[in-house]
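> build the 3D model from these lines:
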Amino acid sequence: MSCDRALQLILLLVSCAAVLAGKSPGVRSIFTQSCLDYGAGVFSRMIQTNVDNIRIPPSSGEIASPIGTVEYFIKNMELTDFDMGHSRMGVVPEVGASMSISVDTAGVKGDWGYQLKSIFPMADSGSFDVTVEAAYIDVVIAIMQHKTGRPTASLASCDAGIGNMDLTFHGGASWLYNLFSPVIVQQLKTELDEMLCDAVNKSVQNKMDGGMASTPVIVPLIGDIYLDMTLVDDVVFGIGNCQALVKGATRQNGTNPDAALQPRDLPNTNYTGAPRMLYYDITEYFFDSIGQAFFQSGRLSAVIKPSDVPADSPIQLRPSDKVINTVLPEIQEKYPDATLQVHLNASAPPKVSITEEGAVLSLAGRAVTYASEHGGRLTRLFGVKLAMDVPVSFRVSGINLTANASASSARVEIQPLKSSKVGEIGPDAEKLIEQYLCRQVVIPWFNRFLQVGVPFKLNKVKYVDPEVHLHKHYLTIETDIVIVSRSGGHVTSSDMRTDRPSSTSPSPATRLQTHHTPS
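Numbers count the residues shown, from 1 in each chain. Model (predicted):
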């Protein structure tokens, strides 16, 4: 698994949301302890990649001895067999995510040499191996709000320590090892401490924060309408979960939002110990702001012409149509050679109301019927006000939150407008409008958008068994996640070795063991 794919879960952690005083989000998402543990394994692999590329610089020095000065060097050093152990991610309240990683084993191999400057000069060289046991890395990653509204990550602290070092020399005179072997061990320990934290910092800066910088928080929906998913405040890390506030507002370029449209406060739900990995709390405001943007953009209007009606439809937009002529005969009498057009316009933004029992999409608008005579001249015939309360159901399809409006269960109210040129719009005409216009045209037209849905995109992340639950004034998506590898496979938690608690960090004191293998 590459760092880029492993990065996606870490990016996921910073798109979460929580309740902060005075700042109500359109969307709140929560990542629970199980997700944090999954993230710890992913982040360990990111660090592993950087550690694998570590090259330890050569070192040299001199040591005074009773028989003269010993000049030594170590070079060609490589870190080998670096085996990450168990990892666990937690939180540091008001700071960020903490992570403890144990290193089961690691090795260093290299070459050594010395020159004894005395009346009996000597020189020798050989190779060495070092086995490292019980190393650890403890880090704290701060997740803040960038001025652009995106999350930004930085390394708040890093503590790396080496436990036991088992040093084996190959070749040379063993009696001289004791002169410089403690120095070599201390140098290696210092180098490894710094390099492990440097590997962590590179993972945070280059992969995590770099990925955040390239992850869009302004999401295009259609045309010049976009979804604003910027953070309202810094990500908050609490006990056993990560939370942050996201605007979750939809805008059209060049327009100002309705100041009266504000999100309700979400309840302070306790997600400690929650069974799923990821929760999205999505307010009515999230949906209402989409409706507002579509309304302001003029996209909630349409003109239905005869060519738009399927040939097999039981009703056609011409005065001689049997159904129309039955309920509104004056159209045929006054405009026998015309065709008909229906102009639809929303009179208010659509609104979504959510309760535990269900969700309802409320639509309001006008439908005006015109006669299109020769030459294209339009004559207004009659108009009606339309009000519809349409039950909607939600589901997650892929990465999109989608909905379906039930035309058959919709409650429809029709109010004729004054100044009809074709007589009274009676109950039969209203029933015709309800059945063919509202239930077979308007609601299916909205369903074209609802069934596409709104993306909650997290690159290389797949939702697993997502469920949608309704509450008063908001809904919750709860799901598990997996990272999708380049080959199409999934990185599961069983790959991560996070199932057992991380080992206790060893004492910073290093125990030296020196072995000699004769050449």
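> all contacts plus neighbour counts: C-alpha atoms, from now on.
Noted.
> quick one, domains of this protein?
Domain assignment for the chain, taken from automatic domain parsing, gives 33-214+488-517, 301-349+356-448.
> right, and those - which one's nearest Ile481?
Of all those, it is domain 33-214+488-517 that lies closest to Ile481, at 8.2 Å by Cα to Cα.
> pLDDT on the lengthiest helix in the chain, on average?
For the chain, the longest helix by residue count, based on DSSP state H, is helix 177-202. On average, the pLDDT along helix 177-202 is 84.
> how far off centre is that helix?
Distance, stretch centre to chain centre, for helix 177-202: 38 Å (Cα atoms, centre = their mean, to the nearest Å).
> helix or strand next in line after it, which one?
helix 210-214 (DSSP states H and E).
> so which bits of that next one are buried?
Buried residues in helix 210-214, counted by 16 or more other Cα atoms under 10 Å: Gly210, Gly211, Met212, Ala213.
> for the residue of the chain positioned farthest from its centre, give its distance to Glu413.
Residue farthest from the centre of the chain, counting by Cα atoms, centre = their mean, is Ile119 at 70.3 Å. With the distance defined as Cα to Cα, to the nearest Å, Ile119 ends up 111 Å from Glu413.
> give the contact list for Asp37.
Applying Cα atoms under 8 Å, 6 or more residues apart in numbering, we find Asp37 in contact with Ser87, Arg88, Met89, Gly90, Thr498.
> and what of Arg377?
The contact partners of Arg377, taken as Cα under 8 Å, 6+ apart, number zero.
> low-confidence ranges, this structure, go.
By pLDDT under 70, the low-scoring segments of the chain are 1-23, 172-176, 178, 257-259, 459, 485-519.
> how about the helices in it?
Listed in chain order, the helices of the chain (DSSP H) span 3-13, 33-52, 177-202, 210-214, 284-297, 322-327, 329-334, 427-432, 443-450.
> mind listing residues that contact stretch 409-420?
Here stretch 409-420 makes contact (Cα under 8 Å, 6+ apart) with 381-391, 425, 430, 434, 438-439.
> swap the cut-off to 6 Å and go again
Leu381, Phe382, Gly383, Val384, Lys385, Leu386, Ala387, Met388, Asp389, Val390 (Cα atoms under 6 Å, 6 or more residues apart in numbering).
> narrow those to those in strands?
Judged by DSSP state E, strands contain the following of the contacts of stretch 409-420: Leu381, Phe382, Gly383, Val384, Lys385, Leu386, Ala387, Met388, Asp389, Val390.
> can you lay out those residues as a markdown table showing distance to Ile483 and neighbour count?
Output for the ones in strands among the contacts of stretch 409-420, formatted as a markdown table (distance: Cα to Cα, whole Å; neighbours: other Cα atoms under 10 Å):
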| residue | distance to Ile483 | neighbour count |
| --- | --- | --- |
| Leu381 | 58 | 19 |
| Phe382 | 57 | 21 |
| Gly383 | 54 | 22 |
| Val384 | 52 | 21 |
| Lys385 | 49 | 17 |
| Leu386 | 46 | 22 |
| Ala387 | 44 | 19 |
| Met388 | 42 | 23 |
| Asp389 | 39 | 22 |
| Val390 | 37 | 23 |
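> who does Tyr463 form a beta bridge with?
Under DSSP bridges, the beta-bridge partners of Tyr463 are Ile481.
> from what I see, it and Ile481 are in contact.
Yes: counting by Cα atoms under 6 Å, Ile481 is a contact partner of Tyr463 at 4.6 Å.
> strands of the stretch 301-450 of the chain, start to end?
301-304, 339-346, 351-354, 359-372, 378-397, 400-405, 411-416 (DSSP state E, counting those that start in this stretch).
> Phe287 is nearest to which of those?
Closest among those, using Cα to Cα: strand 351-354, at 6.4 Å.
> centre of the chain to that closest one, how far?
Relative to its chain's centre, strand 351-354 lies at 25 Å (Cα atoms, centre = their mean).
> returning to that earlier point: and the buried residues of helix 210-214, which is closest to Ser60?
Nearest to Ser60 out of the buried residues of helix 210-214 is Gly210 (Cα to Cα; 36.8 Å).
> right, I'll call it a day here.
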